[in-house]
Structure formats: structure tokens, C-alpha cells
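A.B. asks: below are the sequence and a predicted model for it; my questions follow.
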Amino acid sequence: MIISKQKPFEEILESLKDDTNIYIVGCGECATVTQSGGEPEVAEMKAKLEAAGKNVVATDVAHSACHELDMKRIFRQNKEAAGAADAFLVLSCGAGSQAVREGTTKHVAPGTDSLFVGNIKRAGSYEEKCSLCGECVLDEYGSICPVTRCAKGILNGPCGGTNHGKCEVDPDKECAWVLIYNQLKAEDKIDKFLKIQGPKRFNAVQRPGKLDVRDEEKGAA
Ligand code: SF4
Ligand code: SF4
């Protein structure tokens, strides 16, 4: 899921300084789980904005704020409020803010910072384990990603700074290469650890990313 964190309220107010009538959009998926833009956070933001002298014309927690057609549909259904709004404050990831962008020509203010794609460790605790490199090489590394989990992204490690299993860059974190070694040993695949891996194809995914499954299916037919 996309891990996002609400911006400081002062920063949000500053971005809305020229706007009086605000339409708040939240997200029922990732931002709900990360508590940056679910129902409670949207209600709390409404109260804080009103206390700061703003007029909140509407609030909506979309099923998925990154769904562009859905956002357009929501604004069509709430035409009056969308028309009255000076600005849309979006409490979801940056993809959500840009889905709202597709649905209005008015000011769209992101209310969160998007941090990473995260695994859920437990409620409220997330860790980045995949950085979406476009060509997954996990099988070479016991399904522990060196691209993301080694602080230096070393594909033929370790770096030499490992200290009692911890990373020299951040001693609170496990060294990814110790984890990789232990996992490959447990699988009796230590030959993979000794193999020299070639350079990674970092152009495997191009930015901005784009995928149309229907085009892929047509190509395969
Ligand atoms: S190799 Fe790439 S796709 Fe696979 S887990 Fe690592 S970053 Fe993600
Ligand atoms: S100590 Fe381990 S995780 Fe940290 S940079 Fe070196 S190899 Fe990577």
C-alpha cells in the first residue's frame, strides 16, 4: 500500500491561504489504513479548518482516491459543492491528488506527503520492502530485496560495514545481506550468494510508468 503522512496543519493552511471554500477529499483505501485521510481524519480536518475560519463546502471519502473516473463521478454528483469550492484539499497519496486534478480545474492542495510503498508490519507500522524497480530479481536473493532493503542497494554484497547483523548506515536496521545469506543458507542455495550478479537494468521501468492491460492482451493475441 501507499504510505502517506498528513502534512503539518500550518503547511496545509498556508497552501489554502487564498481559498475560503474548501472541499475535502479522503481515500477509503491506503490513506484510511495509514490514518492520513480516512473518515476520522477528514472529519478532524473539517473541524480544524472551520476553527481556522474556512468554510468546508463538502467532504468525501472516495473508495479509492486514485480512481480518476470515480473522482469525476463524485464531483458530477456533488456538482453544487464542487462548483462552490475555491479549493480541494486531498488527504490521500499524490496519485489521489492528481486524480482530483483530472476532475477539476480549481486549486488542488495535497494534504499529505507520500512516502513509500509499504508492507504492513502491524497496525500503524509499515516498512518499505519493494521500490518498484520494474524487473524483480528477488528469486536470486532468497526473496529479500537488496535494491530496497540494503541501504546502498548493493546487488553483490555485503558492503563490509555490517556490524553484528546490523546495517552500518542505520544500526536499528538488519543488514539486508545478512538476511539474504541466512535465507539462502536455509534453502541450501548458498551458490546463489556466491554468484556474481550482473548490473541491474534500472531502465526496466520508465517514468512516468504506464500499463494498459488491454493493449498487452491485444499484443499477445
Ligand atoms: S527487485 Fe525490484 S520489483 Fe523486486 S522487490 Fe526489489 S524493488 Fe521490488
Ligand atoms: S551494512 Fe548491509 S544493508 Fe547496510 S549498506 Fe552494508 S550491505 Fe547494505
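C.D. replies: That came in fine, so what should we check first? Numbers count the residues shown, from 1 in each chain. Ligands and ions are numbered 1, 2, ... in the order given.
A.B. asks: got the contact list for Pro199?
C.D. replies: Applying Cβ atoms under 8 Å, 6 or more residues apart in numbering to Pro199 gives the contacts Leu155. To be clear about C-beta, it is placed using only N, CA and C from the backbone, and glycine gets the same treatment.
A.B. asks: neighbours around Glu140, how many?
C.D. replies: Residues lying near Glu140 (other Cβ atoms under 10 Å) number 16.
A.B. asks: name the nearest residue to it, sequence neighbours excluded.
C.D. replies: Nearest non-adjacent residue to Glu140, counting by Cβ to Cβ, 6 or more residues apart in numbering: Lys192, 5.8 Å away.
A.B. asks: kindly report the same for Tyr181.
C.D. replies: Phe193 (5.8 Å).
A.B. asks: please tell me how far the one you found sits from Val147.
C.D. replies: Going from Phe193 to Val147 by Cβ to Cβ, to the nearest Å gives 16 Å.
A.B. asks: which of the two has more neighbours?
C.D. replies: The neighbour comparison of Phe193 against Val147 (other Cβ under 10 Å) goes to Val147, with 20 against 17.
A.B. asks: so the more buried one is in which element?
C.D. replies: helix 146-149 (DSSP states H and E).
A.B. asks: ok so, going back, show me what contacts the residue nearest to Glu140?
C.D. replies: Residues in contact with Lys192 (Cβ under 8 Å, 6+ apart) are Glu140, Tyr141, Gly142, Leu184.
A.B. asks: quick one: least confident helix or strand in this protein?
C.D. replies: Lowest by mean pLDDT, DSSP states H and E among the helices and strands of the chain is helix 213-220, with a mean of 79.
A.B. asks: strands along this structure, start to end?
C.D. replies: 2-6, 21-27, 55-62, 87-91, 107-110, 112-122, 125-128 (DSSP state E).
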